[in-house]
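Chemist: Have a look; sequence and predicted model below, questions after that.
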Protein chains: 2
Amino acid sequence: MENLYTSNALRLLQTADEIKARLSGEFSAVHGLSVNEFFLLLHLEQTAAHRLSRVELAKRMQISASTVTRMATPMEKIGLVDRQAYQKDARLAFVVITDAGLRKLEEARATFTKQAGYIFNNLLDEAELNQLSLMLGRLTSGTVGRLS
Amino acid sequence: MENLYTSNALRLLQTADEIKARLSGEFSAVHGLSVNEFFLLLHLEQTAAHRLSRVELAKRMQISASTVTRMATPMEKIGLVDRQAYQKDARLAFVVITDAGLRKLEEARATFTKQAGYIFNNLLDEAELNQLSLMLGRLTSGTVGRLS
DNA sequence: GCAAAGAACTTGCAAACGCAAGTTCTTTCT
DNA sequence: AGAAAGAACTTGCGTTTGCAAGTTCTTTGC
């Protein structure tokens, strides 16, 4: 049982690394976007108001708040996100996804889906994919910004 | 089907990020080791001769060769690995895991296993863990340095 | 209601990393 | 055999990231 825990954790991390390596080349070449920038947009899009505070975004992305600050600035400059103040609490600075950001996200998501297809294709059938999704969903059940 | 690909890839990446975040705190605190250094030792240990060239290590770890160089140097200084020349091809510089490295690896592996236990415990039963291992193994079937 | 504690954000600094160029050695081609 | 091509490694440089300290604002406790 212990061995099963270990080997699953190892394989999960290794698989993720391979997927990420695959994506990062394709993403920067095709969309001029890093994988992390893609995820930032994704997290924003999946909220009702299309916005998140920087600390909330940091928590969901498992990165530091300062990294969010430093990622958001250039993305504002090219119009993918906006900075939005919050009247109820002047400390908060929301990151809002713009329409241009949403369009870019759709383009990037297509690439993501295509690459994901290459990875899973011929290796897992539909029943297995459903099972995998179920199990991974359970592993992230306590997560705030669970992506689907 | 496309959606299944996407959601599985997303969840896999997200789960891996959470595991990695969990590990990196524990690892550096308990063993003075980064997650990547742990993986470097692990890859070396899993070879017959307990050694790999820097480019081979880079490929298996999905990092650049220069990063391997820069990781290996401090690890040599503290005696976890050694540098070994190769008579048959003077360009190669093997990274060899030392006995101290193996001992450190065992300590770190115990921590890894413990943390992996926290993650999977009560979320997946043994049959599911076997199934997950099988599927992840298939996803990394083309990988050279597959970890188990 | 005011002082202390705490939260959100930014910035300085250092560590980790990749890319591209440079060096040394090997293989290939003629 | 000798030159050109290529492989393995290192190093310079820029980018990305986290931590800790600093600033501004809000909440808590007396």
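Modeler: Looks like it came in fine.
Chemist: quick one: contacts for residue A:137?
Modeler: A:146, B:11 (Cβ atoms under 8 Å, 6 or more residues apart in numbering or on different chains). All C-beta atoms are positioned from the backbone trio N, CA, C, and that covers glycine.
Chemist: name the element it belongs to?
Modeler: Using DSSP states H and E, residue A:137 sits in helix A:126-139.
Chemist: What residues of that helix count as buried?
Modeler: For helix A:126-139, burial by neighbour count (16 or more other Cβ atoms under 10 Å in any protein chain shown) applies to A:128, A:129, A:131, A:132, A:133, A:135, A:136, A:137, A:138, A:139.
Chemist: how about that helix as CSV, C-alpha atoms only?
Modeler: Presented in CSV, the C-alpha positions along helix A:126-139 are these (Å, rounded to 0.1, in the frame of the first residue of the first chain):
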residue,chain,number,x,y,z
GLU,A,126,-13.3,6.5,-22.8
ALA,A,127,-14.2,4.5,-19.7
GLU,A,128,-10.6,4.9,-18.4
LEU,A,129,-10.7,8.6,-19.0
ASN,A,130,-13.9,8.9,-17.0
GLN,A,131,-12.4,6.9,-14.2
LEU,A,132,-9.2,8.9,-14.2
SER,A,133,-11.2,12.2,-14.2
LEU,A,134,-13.2,10.8,-11.2
MET,A,135,-10.1,9.9,-9.3
LEU,A,136,-8.2,13.1,-10.0
GLY,A,137,-11.3,15.0,-9.1
ARG,A,138,-11.4,13.3,-5.7
LEU,A,139,-7.8,14.1,-5.1
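Chemist: Now that helix: average pLDDT?
Modeler: Helix A:126-139 carries an average pLDDT of 96.
Chemist: in which helix or strand would I find residue A:49?
Modeler: For residue A:49, there is no host helix or strand (DSSP H and E).
Chemist: actually residue A:39, sorry about that
Modeler: Per DSSP H and E: residue A:39 is located in helix A:35-45.
Chemist: list the buried ones in that helix?
Modeler: Of the residues in helix A:35-45, those buried (16+ other Cβ under 10 Å) are A:35, A:36, A:37, A:38, A:39, A:40, A:41, A:42, A:43, A:44.
Chemist: Next up, the contacts around the last one.
Modeler: Remark: with contacts taken as Cβ under 8 Å, 6+ apart, residue A:44 is in contact with A:50, A:51, A:52, A:57, A:81, A:95, A:96, A:97, A:101.
Chemist: Now do the nearest residue to it once chain neighbours are set aside against chain B, distance only.
Modeler: If the residues on either side of it in the chain are set aside, residue A:44 comes closest to residue A:97, at 4.0 Å by Cβ to Cβ, 6 or more residues apart in numbering or on different chains. Separation of residue A:97 from chain B (Cβ to the nearest Cβ, to the nearest Å) stands at 17 Å.
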